[in-house]
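Enquirer: For reference, the sequence and a predicted model appear below.
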Amino acid sequence: MTRTPAISGRTLAISAAAALSIMVILGIPELTMQRLGAGILDFELARTPETAARILADWGDEGRQAVLWSLWGDFAFIVAYTTFAVLACLTVRNALATTRPQFARLGQIFASGAVIAAAADCIENANLLAIVYDGPDSPYPQVAFGAAVVKFTLIGAALGYALIGGGLVLAARRRRLLAQKNSPPD
C-alpha cells in the first residue's frame, strides 16, 4: 500500500472550516426556499416532473432566485466538502497503515468514492439548473434524483469511514498513553 504524504491537522481543519462556512452561507437561500414550501433536499429528491413542477410553483420567482443562488453556490461547496472528505479519509488511512492495514486499505476506496460523489453532485446540479431554467421535463428530475442518491451514499460512506477510522486512531492513541503512564520507569 502506497502511503500518501502526511496531511497536517491544520490543513484538515482549514478544509473542514471552508466546507462548514460555505454550508452556513448556503443556509441563507435555504431558509427562503423552506419558507416558501420546500427546501433544496426536497428539490434534489423530487424524482418526478410533477413533484418538481409543484415545488417550482410553490417557490414562485423568489424561490427560484433562492434556488439559483443555492445551486450555483453549491459548486464551491462541492469542492470544499470533497477536499475535506478526501483529506480525512487519507489521514485515517495513513494513521492506520501500520496498526490496522486492512481497514487502512479502505481509505483510498472511500477517498475515491468522495470524488465520484462530487461528480454525481455536479450532474445533479446541472439537471436541477435545467429544471429551473427550462422546466421540469423528463429526464431532468429523474437524473437529478439518481445522482443525489449516488452522492449521498458515497459521501456518507467516506465521512463514515473517516469518523469510524478517526475513532480507532484516537482509541489507539489513548491505549498507548495509558500504557506509557502505567509502565514502570526505567
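Expert: Okay, I see it.
Enquirer: ok, now which ones touch residue 25?
Expert: Neighbouring residues of residue 25 by Cβ atoms under 8 Å, 6 or more residues apart in numbering: residue 73. For glycine as for every other residue, the C-beta is placed from the backbone atoms N, C-alpha and C.
Enquirer: That one is in what secondary structure piece?
Expert: Element membership for residue 25, per DSSP states H and E: helix 9-35.
Enquirer: how far does that helix sit from the chain's center?
Expert: 11 Å (Cα atoms, centre = their mean, to the nearest Å).
Enquirer: do stretch 137-145 as well
Expert: On the basis of Cα atoms, centre = their mean, stretch 137-145 is displaced by 21 Å from the centre of the chain it belongs to.
Enquirer: related to what we said a few turns ago, quick check: next helix or strand after the helix holding residue 25?
Expert: The C-terminal neighbour of helix 9-35 among helices and strands, as given by DSSP H and E, is helix 40-44.
Enquirer: counting contacts, what elements does whichever helix or strand comes after that next one pack onto?
Expert: The element immediately downstream of helix 40-44 (helix or strand, assigned by DSSP H and E) is helix 49-96. Helix 49-96 makes packing contacts with helix 9-35, helix 40-44, helix 101-134, helix 140-182 when contacts are defined by 3 or more Cβ pairs under 8 Å, 6 or more residues apart in numbering; DSSP states H and E.
Enquirer: Would you pull up how far helix 49-96 lies from the middle of the chain?
Expert: Going by Cα atoms, centre = their mean, the spacing between the C-alpha centre of helix 49-96 and its chain's C-alpha centre is 8 Å.
Enquirer: cool, and stretch 123-136?
Expert: Average the C-alpha atoms of stretch 123-136, do the same for its chain, and the two points are 20 Å apart (Cα atoms, centre = their mean).
Enquirer: what's in contact with that stretch?
Expert: Contacts made with stretch 123-136 from outside it, assessed by Cβ under 8 Å, 6+ apart, are listed as 43-44, 46, 49-50, 52-53, 56, 64, 67-68, 71-72, 74-75, 78, 139-141, 143-144, 147-148, 151.
Enquirer: One more: stretch 73-86?
Expert: Contacting residues not belonging to stretch 73-86 are listed as 12, 15-16, 18-19, 21-23, 25-26, 29, 110-111, 114-115, 117-118, 121-122, 125, 155, 158-159, 162 [Cβ under 8 Å, 6+ apart].
Enquirer: same deal with stretch 137-154?
Expert: When contacts are defined by Cβ under 8 Å, 6+ apart, stretch 137-154 is touched by residues 44-49, 51-52, 113-114, 116-118, 120-121, 123-124, 127-128, 130-131, 134.
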